[in-house]
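K.L.:
pasting the sequence and the predicted coordinates here, then a few questions.
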Number of protein chains: 2
Amino acid sequence: MTTRWLTPEEQRAWRAYIAASHLLEDALDRQLQQEAGMPHLYYTILATLSETPHHCLRMTDLAEALKITRSRLTYAVTRLEKDGVVRRQDCSMDKRGSLAILTDEGMAVLERAAPGHVEMVRSALFEHLTPEQVGQLEEIFTGVAGALQGDGGKAASDDLPWRRRSSGQQCT
Amino acid sequence: MTTRWLTPEEQRAWRAYIAASHLLEDALDRQLQQEAGMPHLYYTILATLSETPHHCLRMTDLAEALKITRSRLTYAVTRLEKDGVVRRQDCSMDKRGSLAILTDEGMAVLERAAPGHVEMVRSALFEHLTPEQVGQLEEIFTGVAGALQGDGGKAASDDLPWRRRSSGQQCT
DNA sequence: CGATGGTGGTTCAACTTTTAAACAGTACCT
DNA sequence: AGGTACTGTTTAAAAGTTGAACCACCATCG
């Protein structure tokens, strides 16, 4: 079958998306590097742990939540552990397992960096969006994530039993 | 000033965006690594060069177009040159300058990989979007890019005098 | 029980990329 | 000429990523 090239509109949308997403990722990395001493991915690890009742998650679950390989996560957590923001603990249920736990210092780092981070997200993105566009954004990318995960994606979105937030604010 | 946290809707939109953009970038990298033997950024370099009348661009202009540092670009082009898909030529106008030129082989690689790439972009993204959403996407991210570039962004978008396409298809 | 196969997590070595700083050469302006 | 600014590269160090190999442990089934 002959290639269905992008229409000019799609072309423009794609280019805008690519440019912006790279700029955004760079900006997030720079800012968090500055304010929390770690890149965005690492910050996301802390944020993910913070949303758990006991501020901990098994390595595999964490890797799954972040869509990264276990190997990559091991590397990341090792560094975060060195930084003192995360610690590991053997899992009592499954002796193979290991839990990544957010330390108090980690929580402090998170809370210190979160306002700036949220501010950046807001000023780079939401500042310029109408409520309708926010809705569109979610709809579009939920679809994209679904399409890229082979499965429904929908199924895995509320996977973890404790993904519910006890209270307080999301650090994004 | 007390932090303006994200609303639940914004939160959802943000998470969806982050997850999807990482999945997408990974997918693009994997696919292009497979079909063109290079990551997405490198492919983008080829694609950018291909849209130029003479298939060449000065290093600084190229770096600016891709929003990456000159140092990073030097590294990338050195590799692409080794692969034979790009070559360098001294700039006659400005003896400091150096042009990155897409070779015939580079063009061939591009043309060989483009259909699959476009297909991936289409199936991961545009497949699921209404024309209105395509418009929204462009609008949203054009704004984001603008906001992140300090300047108007708009101003720099049609910067290069030859950014006009002679003919043929965009390789995305 | 005890073999078997699968899972959780880490380790290791090779590699790629990124960064920042320093540098040489060239342009331009007065 | 002299000073300043720009181009592009180099360099060394650091960081991150991958994939395979690996060990310890779980689960199951005969």
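P.N.:
Received, thanks. Because the structure is a prediction, the values reported are computed rather than measured.
K.L.:
the longest helix along chain A close to DNA strand D?
P.N.:
Ordering each helix of chain A by length in residues (DSSP state H) puts helix A:8-36 first. No: applying C-beta under 7 Å from any atom of the strand, one finds helix A:8-36 separated from DNA strand D by no less than 8.6 Å. In this view, the C-beta of every residue, glycine as well, is placed from N, C-alpha and C.
K.L.:
next SSE downstream of that helix?
P.N.:
Moving toward the C-terminus from helix A:8-36, the first helix or strand encountered (DSSP states H and E) is helix A:40-50.
K.L.:
which strands or helices does whatever helix or strand comes next after that next one pack on?
P.N.:
Sequence-wise, the next helix or strand downstream of helix A:40-50 (DSSP H and E) is strand A:56-58. Strand A:56-58 sits against helix A:40-50, strand A:98-102, with contacts defined as 3 or more C-beta pairs under 8 Å, 6 or more residues apart in numbering or on different chains; DSSP states H and E.
K.L.:
in TSV, list the ones you listed along with distance to DNA strand C and mean pLDDT.
P.N.:
Converted to TSV, the helices and strands packed on strand A:56-58 look like this (distance: least, C-beta to the nearest atom of the strand, whole Å; pLDDT from 0 to 100):
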stretch	distance to DNA strand C	mean pLDDT
helix A:40-50	12	96
strand A:98-102	4	97
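K.L.:
need the CA coordinates for stretch A:118-133. CSV is fine.
P.N.:
Output of stretch A:118-133 as CSV, limited to C-alpha atoms (Å, rounded to 0.1, in the frame of the first residue of the first chain):
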residue,chain,number,x,y,z
VAL,A,118,3.7,22.8,39.4
GLU,A,119,4.3,26.5,38.6
MET,A,120,6.4,25.5,35.6
VAL,A,121,3.8,23.0,34.3
ARG,A,122,1.2,25.7,34.8
SER,A,123,3.0,28.5,33.1
ALA,A,124,4.3,26.4,30.2
LEU,A,125,1.1,24.5,29.6
PHE,A,126,-2.2,25.2,31.4
GLU,A,127,-1.8,28.9,31.6
HIS,A,128,-2.7,29.1,27.9
LEU,A,129,-5.4,26.5,27.8
THR,A,130,-9.1,26.8,28.0
PRO,A,131,-10.9,24.2,30.1
GLU,A,132,-12.1,22.6,26.9
GLN,A,133,-8.6,22.3,25.7
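K.L.:
is it in proximity to chain B?
P.N.:
Yes: Stretch A:118-133 lies within reach of chain B by C-beta under 8 Å from any C-beta of the partner chain, at A:118-119, A:121-129, A:131, A:133.
K.L.:
give the buried residues for that stretch.
P.N.:
By neighbour count on 16 or more other C-beta atoms under 10 Å in any protein chain shown, the buried set for stretch A:118-133 is A:118, A:120, A:121, A:122, A:124, A:125, A:126, A:128, A:129, A:133.
K.L.:
indicate the residue of chain A located nearest to DNA strand D.
P.N.:
Going by C-beta to the nearest atom of the strand, DNA strand D is nearest to residue A:95 of chain A, at 3.2 Å.
K.L.:
quick one: pLDDT of that residue?
P.N.:
You'll see residue A:95 listed with a pLDDT of 94.
K.L.:
how about residue A:171?
P.N.:
pLDDT, residue A:171: 76.
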